[in-house]
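**Student:** Structure, please.
(one chain, ligands or ions: 1)
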Amino acid sequence: MWQEEDNSLKKSFTFKDFKEAFVFMSEVAEAAEHLNHHPWWSNVYNKVNIELTTHDAGNTVTEKDWELAKQIDEIAKTLGQ
Ligand SMILES: C[C@H](O)[C@H](O)[C@H]1CNC2=NC(N)=NC(=O)C2=N1
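**Tutor:** Below is the predicted model of the structure:
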C-alpha cells in the first residue's frame, strides 16, 4: 500500500536480488520518462524505497503521483510482487 506521509506517497519493494530490483528500476524509469514525472528513490541490494511528490506543485501529492504510483504497481506485479 502507498502511504501518504510528509506530502509524498511512499512505498518499499523487496525483490529476489539486486538484478531483479534493477530490472524494476529500469522499467519504472521508462514509465517516469513517458509521464515526465520522476520518483525519488533509493536502492540497496534487493530493496527499492520510493517517494513520490510533485516539485512543480510545491512538493505536494498530485494526480501525477497517483498515476506514477499506479504504473509502478503494475510493473511490480509483472515481477511477482
Ligand atoms: C521541466 C519538467 O517538466 C519538470 O521539472 C517535471 C519533471 N519531473 C517531475 N517529477 C516530479 N516528481 N515532480 C515534478 O514536479 C516534475 N516536474
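**Student:** can you count the residues close to the closest residue to Thr53 other than its chain neighbours?
**Tutor:** Closest residue in space to Thr53, ignoring its immediate chain neighbours: Ser8 at 4.0 Å, by C-beta to C-beta, 6 or more residues apart in numbering. Every residue, glycine included, has its C-beta placed from N, CA and C. Ser8 has 19 neighbouring residues, counting by other C-beta atoms under 10 Å.
**Student:** Bridge partners for Ser8, pull those for me.
**Tutor:** Bridge pairing for Ser8 (DSSP bridges) gives the partners Glu5.
**Student:** now it: how far from the ligand?
**Tutor:** 9 Å (C-beta to the nearest ligand atom, to the nearest Å).
**Student:** Give the helix, strand or coil label for the residue nearest to the spatial centre of the chain.
**Tutor:** The centroid of the chain falls nearest to Ile50 when counting by C-alpha atoms, centre = their mean (4.7 Å). Classification of Ile50 using DSSP: H, G, I helix; E, B strand; the rest coil returns strand.
**Student:** With Ser12 instead?
**Tutor:** Quick answer, by three-state DSSP: Ser12 is strand.
**Student:** quick one: it and Val48 touch, right?
**Tutor:** Yes - shown here, Ser12 and Val48 form a contact pair, counting by C-beta atoms under 8 Å, at 7.1 Å.
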